[in-house]
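Engineer: Fold the following for me, if possible:
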Amino acid sequence: MNDTPTPGMLDELLEPLSRCLDPDSARRVAEFQIAPRVQARIRTLAERANDGVLGDEERLEYEALINAADIITILKLKAARSLRSNGG
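Structural biologist: Okay, the predicted model is just below:
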């Protein structure tokens, strides 16, 4: 059984949090970028996964990074939507 939340569930989970953002915080979240070092690590792990050589610890790290990136992406989208709807 897969216990990973679906995108719809993540969206629902994060909605109340996104409503807590004032315009300045929403702008900062919307503009947030994942650090280049982290992006490079994700690319490396993705390549190793595609090549079928990802170890157990690497697989856990990769899954955690992807899950975190999904959450960040949803928050960024919600922050940007909030700014647009509030004229920011």
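Engineer: give me phi/psi at Glu63?
Structural biologist: Main-chain dihedrals, Glu63, degrees, to the nearest 10: phi -60, psi -40.
Engineer: Begin at 22, not 1, for the rest of this chat.
Structural biologist: OK, 22 is where the count begins now, so the last one is Glu84.
Engineer: and it, how many neighbours?
Structural biologist: Other residues lying near Glu84 total 13 when counted by other C-beta atoms under 10 Å. Glycine gets a C-beta too; all of them are placed from N, C-alpha and C.
Engineer: Run through the helices of this protein in chain order.
Structural biologist: In the chain, helices defined by DSSP state H lie at 28-39, 44-52, 57-71, 77-106, listed in chain order.
Engineer: Need these in CSV (columns: mean pLDDT).
Structural biologist: Output for the helices of the chain, formatted as CSV (pLDDT from 0 to 100):
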stretch, mean pLDDT
helix 28-39, 85
helix 44-52, 96
helix 57-71, 98
helix 77-106, 95
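Engineer: what about Pro37, distance to Glu78?
Structural biologist: Distance from Pro37 to Glu78, counting by C-beta to C-beta, to the nearest Å: 34 Å.
Engineer: Then Ile63?
Structural biologist: Distance from Ile63 to Glu78, counting by C-beta to C-beta: 15 Å.
Engineer: Looking at those two, which is more packed in?
Structural biologist: Neighbour count, other C-beta under 10 Å: between Ile63 and Glu78, Ile63 has more, with 17 against 8.
Engineer: any idea how far that one lies from Leu96?
Structural biologist: 18 Å.
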